[in-house]
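**Student:** Next comes the sequence, and after it the predicted model I'd like to discuss.
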Amino acid sequence: MIETLAIPLVLLILIALTIWFLALTKGHYIVKVILTPLVLLSSVGVWYSMNSLLGWATSDSLPAKYQLHWVIIEEPNDNEGAIYLLVNSISRRHKDIRVGTYIANTKEPRLYKIPYTREGHKQAQQLKEKLQEGQSLLMSKNKGKGKGLGDGNENGDNDIGGEGGNQEAPFGYLMPPLRLPEK
């Protein structure tokens, strides 16, 4: 708690001192006009990038398409509870990138924190069982149609997206298996 409170507090003090210094010192006003917005913009950039630099699980939205590596279910006891997903993005591009956000190597797994729900618990448990069986899980937020070889059908229905595939799935839907070319 102290570490997470100290960094923004030091940042605010540095912003205040810099603006005070720029406002009260003698010098060319052109330099002050350029430096004042530059200091403010860089401060806002640092402020918004703090969350991505902490190294903890992110509460950002999941990528549109991702490979799921592991699931951790933390049931609510004295806390709110959460579901943690360790995923690799296989989307081409992240749409949620803000100015100053640290853009990590997309080949590295990222831990996502999802608020605990009963439906989410059921889906997470099913996904975890499939992972323990050794299956590689490719997930998509959108329930689309696909043509793949294997257990999936052309409608993209699966046993993970709710009863009969009609309900909204908290973490997305299993993508159909990859279609490999004939040899």
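**Tutor:** That came in fine, so what should we check first? Treat the numbers as computed from the prediction; the structure is a model and nothing was measured.

**Student:** For stretch 67-78, output the C-alpha coordinates as PDB.
**Tutor:** The C-alpha coordinates for stretch 67-78 follow below in PDB (Å, rounded to 0.1, in the frame of the first residue of the first chain):
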ATOM      1  CA  GLN A  67      -4.500 -18.700 -26.000                       C
ATOM      2  CA  LEU A  68      -5.400 -19.700 -22.400                       C
ATOM      3  CA  HIS A  69      -2.500 -21.200 -20.400                       C
ATOM      4  CA  TRP A  70      -3.900 -21.500 -16.900                       C
ATOM      5  CA  VAL A  71      -6.900 -20.500 -14.700                       C
ATOM      6  CA  ILE A  72      -6.800 -19.700 -11.000                       C
ATOM      7  CA  ILE A  73     -10.200 -19.400  -9.100                       C
ATOM      8  CA  GLU A  74     -10.200 -17.400  -5.900                       C
ATOM      9  CA  GLU A  75     -13.600 -17.900  -4.300                       C
ATOM     10  CA  PRO A  76     -15.000 -15.000  -2.200                       C
ATOM     11  CA  ASN A  77     -14.400 -15.500   1.500                       C
ATOM     12  CA  ASP A  78     -13.400 -12.400   3.300                       C
END
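
**Student:** So for that stretch, what gets flagged as buried?
**Tutor:** Neighbour counts over stretch 67-78 (16 or more other C-beta atoms under 10 Å) mark Gln67, Leu68, Val71, Ile73 as buried. Where C-beta positions appear, they are placed from N, C-alpha and C, glycine not excepted.

**Student:** so how far is that stretch off the chain centroid?
**Tutor:** 15 Å (C-alpha atoms, centre = their mean, to the nearest Å).

**Student:** Can you classify the most centrally placed residue in the chain by secondary structure?
**Tutor:** The residue lying closest to the centre of the chain (C-alpha atoms, centre = their mean) is Asp60, at 3.8 Å. Recorded secondary structure, Asp60: coil (DSSP: H, G, I helix; E, B strand; the rest coil).
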